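> Fold the following, please.
(one chain, ligands or ions: 1)
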Amino acid sequence: MAPTPCQLCHTARALVKRPKTGQQVCKTCFFEVFETEVHNTIVEGNGIFRRGERVAIGASGGKDSTVLAHVLTMLNHRYDYGLDLFLLSIDEGITGYRDDSLETVKQNQVEYGLPLKILSYNDLYGWTMDRIVEQVGRRNNCTFCGVFRRQALDRGAAQLAVDHIVTGHNADDIAETVLMNIMRGDVARLGRCTAVTTQSEDTIKRSKPFKYAYEKEIVMYAYFKKLTYFSTECIYSPDAYRGHARVFLKDLEAIRPSAIIDIIHSGESFVLDQNTQKGMKAMQTCLRCGYMSSNDLCKACALLQGLESGMDRSALHQKQGGDTAAPSGHRTIPKYERHAHVPVSAEAGGGAEGIDTPLKALAIS
Ligand SMILES: Nc1ncnc2c1ncn2[C@@H]1O[C@H](COP(=O)(O)OP(=O)(O)OP(=O)(O)O)[C@@H](O)[C@H]1O
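Next up, the predicted model:
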């Protein structure tokens, strides 16, 4: 049988069937369309970046953030975005998982010549996920990890004096989130979960350049480009609720691949009801650590207080407010501060030390 020609260039032999469109394309055209689609997401509307911006790539060592680091480094050169790029990794303290994936990030640091900063839960909160799981069990640990990671990324970004964090959340992740918010009736989150960029008052801008990139295509891209990434799932079982949404989404995708994009488009079209908007709390700063919060205590301080008090599940549902001073003897999260720009050496390998606003400055009081 004669080889199928690429449906884009019509000359080379098609080697890939694009999961997103079903098009049969050659490797070169696959790279080209994948990269161009990410570029289009980046420049759509007013564009997500500003020239001269310092941008931290949330780097976990997994496929999504590794491909993001690769593609963003390349697009930054190709289209002259004028960005200062950094890798920012959070070490959650999961033995046999994050320690191994961080080794991959260190390799990426050298391969892409980007400065790397690593911040650990242990340094910030005085707890590793291994210890948290020992205390709270496996059922609710994702809540701790999600809250702690979000704040840790913001704190790392503040220390790097970056203006913007980008993450490798892909189209599948976003479609899952839309489904989860519908299933939970979380209308407020539904209204904002499809945005490419989010920023509220006094928060660091966050963007998802892979909003329209299918997970399967990211894996294919990493495979054909022979990128170094870590492919094991978190050992503390992924969020069960998200797991159901994921299975449902994969079933839909198998029947109709456009389901992923269609769900994102549906999510984009939801309009937040006026009454829901009125019910949303205004942002303030946590009275204990200074991080942005809609309550007297931010979620991380509330969770930490629960852990320190030896609570388990009750920590998750703790009523916030009331006494904002930490009980004596309890650890507290260091004060949150945005730093002014600091000079950064972008030389491979040299960055990690050079850019580090010393973690000692974050010593737990
Ligand atoms: N420990 C971490 N340090 C820095 N960034 C992280 C970390 N964990 C997650 N992220 C960021 O959040 C994004 C989504 O994380 P998620 O946990 O859903 O992982 P994922 O879908 O497996 O992504 P990846 O393949 O990059 O690990 C990642 O692509 C990355 O940009």
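> Tell me which helix or strand comes right after the helix or strand where residue 56 lies.
According to DSSP states H and E, residue 56 maps onto strand 54-58. Sequence order places helix 63-78 as the next helix or strand after strand 54-58, per DSSP H and E.
> Please see if that next one touches the ligand.
Yes - interface with the ligand: helix 63-78 contributes 63-65 (CB under 6 Å from any ligand atom). (C-beta placed from N, C-alpha, C; glycine too.)
> who wins for most neighbours among those?
Neighbour counts for the residues of helix 63-78 next to the ligand (other CB atoms under 10 Å) peak at residue 65, which has 27 neighbours.
> what is the rounded mean pLDDT of whichever helix in the chain runs longest?
Criterion DSSP state H: the longest helix present in the chain is helix 141-160. Helix 141-160 shows a mean pLDDT of 94.
> hang on, the earlier thing: state the mean pLDDT of the strand holding residue 56.
On average, strand 54-58 scores 98.
> now that strand against helix 63-78, angle please.
Comparing the axes of strand 54-58 and helix 63-78 via axes from the mean of the first three to the mean of the last three CA atoms, to 10 degrees yields an angle of 150 degrees.
> mind listing what strand 54-58 pairs with, with the direction of each?
With DSSP bridges as the test, strand 54-58 is paired with strand 84-91 (parallel), strand 164-166 (parallel).
> How about that strand and the ligand, touching?
Yes - with CB under 6 Å from any ligand atom as the criterion, the ligand is reached by strand 54-58 at residue 58.
> quick one: contacts of that strand?
The contact list for strand 54-58, computed with CB atoms under 8 Å, 6 or more residues apart in numbering, reads 49, 65, 68-69, 72, 83-90, 114, 117, 153, 156-157, 160-168, 341, 344.
> In CSV, could you pull the C-alpha coordinates for it?
Output in CSV follows, covering the C-alpha atoms of strand 54-58 (Å, rounded to 0.1, in the frame of the first residue of the first chain):
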residue,chain,number,x,y,z
ARG,A,54,9.9,38.2,33.7
VAL,A,55,8.0,34.9,33.5
ALA,A,56,8.3,31.8,35.7
ILE,A,57,7.4,28.5,34.2
GLY,A,58,5.9,26.2,36.9
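> Now for the nearest residue to residue 94 once chain neighbours are set aside: which residues touch it?
Nearest-residue entry for residue 94: residue 129, 4.8 Å, with adjacent residues in sequence omitted and distances by CB to CB, 6 or more residues apart in numbering. For residue 129, the contact set (CB under 8 Å, 6+ apart) comprises 92-94, 98, 121, 141, 144-145, 236.
> Repeat that for residue 167.
Shown in contact with residue 167 (CB under 8 Å, 6+ apart): 57-58, 64-65, 68, 206-208.
> if you set the cut-off to 10 Å instead, what comes out?
Shown in contact with residue 167 (CB atoms under 10 Å, 6 or more residues apart in numbering): 56-60, 64-65, 68, 88, 153, 173, 206-210.
> Now the buried members of those.
56-60, 64-65, 68, 88, 153, 173, 206-210 (16 or more other CB atoms under 10 Å).
> Looking at those, which one is closest to residue 78?
Among these, residue 209 lies closest to residue 78 (CB to CB), at 14.0 Å.
> And the pLDDT at that closest one?
Predicted confidence (pLDDT) for residue 209: 98.
> For it, give its distance to residue 36.
13 Å (CB to CB, to the nearest Å).
> remind me which residues of the stretch 1-150 of the chain are low pLDDT?
Across the stretch 1-150 of the chain, not a single residue meets the criterion (pLDDT under 70).
> my guess is residue 45 contacts residue 207, does it?
No - in this structure residue 45 lies outside contact range of residue 207 using CB atoms under 10 Å: 12.0 Å.
> which neighbours do those two share?
196-197.
> The host helix or strand of residue 219 packs against which elements?
Element membership for residue 219 (DSSP H and E) is helix 215-224. Other helices and strands packing on helix 215-224, by 3 or more CB pairs under 10 Å, 6 or more residues apart in numbering; DSSP states H and E, are strand 16-17, helix 27-43, helix 63-78, helix 171-184, helix 240-255.
> May I see the ones you listed organised as JSON lines, with distance to residue 326 added?
Compiled in JSON lines, the helices and strands packed on helix 215-224 are given as follows (distance: least, CB to CB, whole Å):
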{"stretch": "strand 16-17", "distance to residue 326": "55"}
{"stretch": "helix 27-43", "distance to residue 326": "42"}
{"stretch": "helix 63-78", "distance to residue 326": "33"}
{"stretch": "helix 171-184", "distance to residue 326": "31"}
{"stretch": "helix 240-255", "distance to residue 326": "31"}
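> what do residue 209 and residue 36 both touch?
Common contact partners of residue 209 and residue 36 (CB under 10 Å, 6+ apart): residue 75.
> roughly how far apart are residue 48 and the ligand?
Using CB to the nearest ligand atom, to the nearest Å, residue 48 is found at 15 Å from the ligand.
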